[in-house]
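1. Starting from these lines, generate the structure:
(one chain, ligands or ions: 2)
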Amino acid sequence: MLVKKVVLNSRPGSNRVPDPGNFRLEETTLAPGLEEEEVLVRTLYLSVDPYMRCRMNEDSGAEYLTPWKLSESVDGGGVGVVQSSRHDAYREGDVVTSFTWPWQTHAVVKGSILQKVNPSLVDGHLSYFLGAVGMTGLTALLGMREKGHVIRGANQTLVVSGAAGACGSVAGQIGRLDGCSRVVGICGSEDKCKALVERLGFSGAINYRLQDVTAGLRENCPDGIDVYFDNVGGDVSDAVIAQMNEGGHVILCGQISQYNKDVPYPPPLSQETQENLRRKNITRERFMVLNYMSQAQDALCELGSLVTSGQLKVLETIENGIENMGVAFCSMMKGGNLGKQIVKISH
Ligand SMILES: NC(=O)C1=CN([C@@H]2O[C@H](COP(=O)(O)OP(=O)(O)OC[C@H]3O[C@@H](n4cnc5c(N)ncnc54)[C@H](OP(=O)(O)O)[C@@H]3O)[C@@H](O)[C@H]2O)C=CC1
Ligand SMILES: CCCCCC(=O)/C=C/[C@H]1[C@H](O)CC(=O)[C@@H]1CCCCCCC(=O)O
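-> Ligands and ions are numbered 1, 2, ... in the order given. This next block holds a predicted model:
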C-alpha cells in the first residue's frame, strides 16, 4: 500500500522559530501482511503540540522527550481507525488513539502503543480525543485539580495565560465550573479575547500583544490573583505573579514563550519574580500530565460528559491534509489557532 508520510527535513536550531520547510512529505510503501501484535491503522486526525518544538532539537532538553531523527517519520498524538489487526485487543473498525502516532496516512504499529476509545464519549467528534477529551483537556482538568487549590465559595480569582489555546480554554472553564468567582484570560488577539468572554464565559480577557498586561490585570482582577494557570512563562507570567495574593498557587503547565530559545525546561525566573514568590509564599509546582495517567480514565469520562452536556465548550482550529502538518505546527506556535490545533488527514 502506498502511503504519505511526514519526515523531519531539517532542525530549526534551538534558538530559532520553526518553519514548515523543516518538514518534508514523502511517499512510502507499507509491506503487505502483519506480524503478530501489529495493527494497520488509517489516520483520521493528527495533533500538533508545543512540546514538539523541543523534539525538533538535537537535544530535547527534557528527559521524557526523545528528539525526532532527521529523515525519519515524525510522531505525536493521533486518532484513527483499525483496518486490520493481529493484536487481540483490536478489531477492524475500532477507533484508537496514541501519543506516538506516526505522521502517516496509514501505518502499521504495535498494538501496545494504541488505546481504544469510545466515540459515544464525544458524540462522534473524534478530533476531541486529541483535545478537550484527550491530552490537553486532561492537562487542564488534572492540572487545575492537582495544583490549583480551588475551593468553592472562597471567592478566588483565576488567571490563565495562553487562555484561548487547547489547555488554556479548558483550564479557564474548569476553574469557573469548580467555583472560581472570577476567571481572566490572557491571549494574543482581539478575536480570541472575544471568544473567551462571549463563548466560554470568562469574566474578562487581556490581549497581551496590544494591551499593557499589568494595567489589564489591575482592571480585571481588583481583588488580586489567587490561582494562575501558566502556559506561557516569560514577561506575561512575571506580570501575573507580581499581582498574586499571599498564599496563591501557580500551576506550571508550560512556558511556550521560551521554546524557541536555548534554555532548559523550566526556564530560570528573574530575581524579582523569585522574590515575589518567596515573599508571598506562593506555590509554583511543575505539572506534567503524563505523571497522572492513573486518573486519566475517570477524568476523560468527566470531560466527555461535560462536553456532551454543553457545560464545557470546545474550540478547535482544523487544517486539512497531511501535507499541511508543518504549516499547522508553525501556525500554532505563532498563535494561529483558536482552541486545539488539529490536522484532518482522512474522513
Ligand atoms: N504540562 C503538561 O503536561 C502539558 C503542558 N502543555 C503546555 O501547555 C501550553 C499550551 O499548550 P497547548 O494548549 O497545546 O497549545 P495552545 O493551543 O495554547 O497553542 C499555543 C499558543 O501559545 C501562544 N503563544 C505562542 N507564543 C507565545 C508567546 N511568546 N507568548 C505568549 N503566548 C504565546 C499562542 O497563542 P496567543 O495567540 O495567545 O499568543 C498559541 O496559540 C504549552 O506551554 C505546552 O507546552 C501542554 C500539554 C501538556
Ligand atoms: C520541554 C517542554 C515541555 C513542556 C511541557 C509539555 O508541553 C509537555 C507535554 C507532554 C505532556 O506531559 C503530555 C504529552 O503528550 C507531552 C509529551 C509527549 C511525550 C511523547 C514522548 C515521545 C517520545 O519522546 O518518544
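
2. Which parts of the stretch 51-200 of the chain are helices?
-> 52-55, 135-147, 166-177, 190-198 (DSSP state H, counting those that start in this stretch).

3. out of these, deepest packed?
-> Each of these was scored by mean neighbour count; the highest is helix 166-177, a mean of 28, by mean count of other C-beta atoms under 10 Å. Any C-beta I mention is one placed from the backbone N, CA and C, and that applies to glycine too.

4. follow-up on the earlier one: reformat the helices of the stretch 51-200 of the chain into a markdown table and put mean pLDDT next to each item.
-> Shown next, in a markdown table, are these (pLDDT from 0 to 100):
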| stretch | mean pLDDT |
| --- | --- |
| helix 52-55 | 97 |
| helix 135-147 | 98 |
| helix 166-177 | 99 |
| helix 190-198 | 98 |
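
5. Switch those over to TSV; also include distance to ligand 1.
-> Below are these laid out as TSV (distance: least, C-beta to the nearest ligand atom, whole Å):
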stretch	distance to ligand 1
helix 52-55	8
helix 135-147	4
helix 166-177	3
helix 190-198	6
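
6. quick one: which of those helices is nearest Val3?
-> Taking C-beta to C-beta, helix 52-55 is the member of these nearest to Val3, at 21.0 Å.

7. hmm, who's touching that closest one?
-> Contacts to helix 52-55, defined as C-beta atoms under 8 Å, 6 or more residues apart in numbering, come from residues 18, 60-62, 65-68, 74, 76, 259-260, 265, 329, 333.

8. picking up where we left off before, closest one to Arg86 among the helices of the stretch 51-200 of the chain?
-> Among the helices of the stretch 51-200 of the chain, helix 135-147 comes nearest to Arg86, with 27.3 Å by C-beta to C-beta.

9. Does anything pack onto the closest one? Which helices or strands?
-> helix 166-177, strand 225-230, strand 244-252, helix 296-308 (3 or more C-beta pairs under 8 Å, 6 or more residues apart in numbering; DSSP states H and E).

10. Any residue of it touching ligand 2?
-> Yes. Helix 135-147 is in contact with ligand 2 by C-beta under 6 Å from any ligand atom, via Met135.

11. What about the contacts of helix 52-55, which one has the most neighbours?
-> When neighbours are counted by other C-beta atoms under 10 Å, Phe329 leads these with 29 neighbours.

12. wait, isn't it in contact with Val17?
-> No. Phe329 is not in contact with Val17 according to C-beta atoms under 8 Å; the separation is 11.4 Å.

13. and stretch 37-48, is it in reach of ligand 1?
-> No. Stretch 37-48 does not reach ligand 1 (C-beta under 6 Å from any ligand atom); its nearest approach is 8.2 Å.

14. does ligand 2 sit close to that stretch?
-> No. Against ligand 2, stretch 37-48 shows no contacts by C-beta under 6 Å from any ligand atom, the least distance being 8.7 Å.

15. and that stretch, how far from the chain's centre?
-> With C-alpha atoms, centre = their mean, to the nearest Å as the basis, stretch 37-48 stands 19 Å off its chain's centre.

16. Show me what the one helix or strand Ala215 maps to is packed up against.
-> Using DSSP states H and E, the secondary-structure element containing Ala215 is helix 213-220. Packing contacts for helix 213-220, counted by 3+ C-beta pairs under 8 Å, 6+ apart, involve strand 182-187, strand 204-207, helix 234-242.

17. what about Ile113, neighbour count?
-> Ile113 has 17 neighbours, counted by other C-beta under 10 Å.

18. can you count the residues close to the nearest residue to it once chain neighbours are set aside?
-> Nearest non-adjacent residue to Ile113, counting by C-beta to C-beta, 6 or more residues apart in numbering: Ser98, 4.7 Å away. Applying other C-beta under 10 Å, we find 20 residues neighbouring Ser98.
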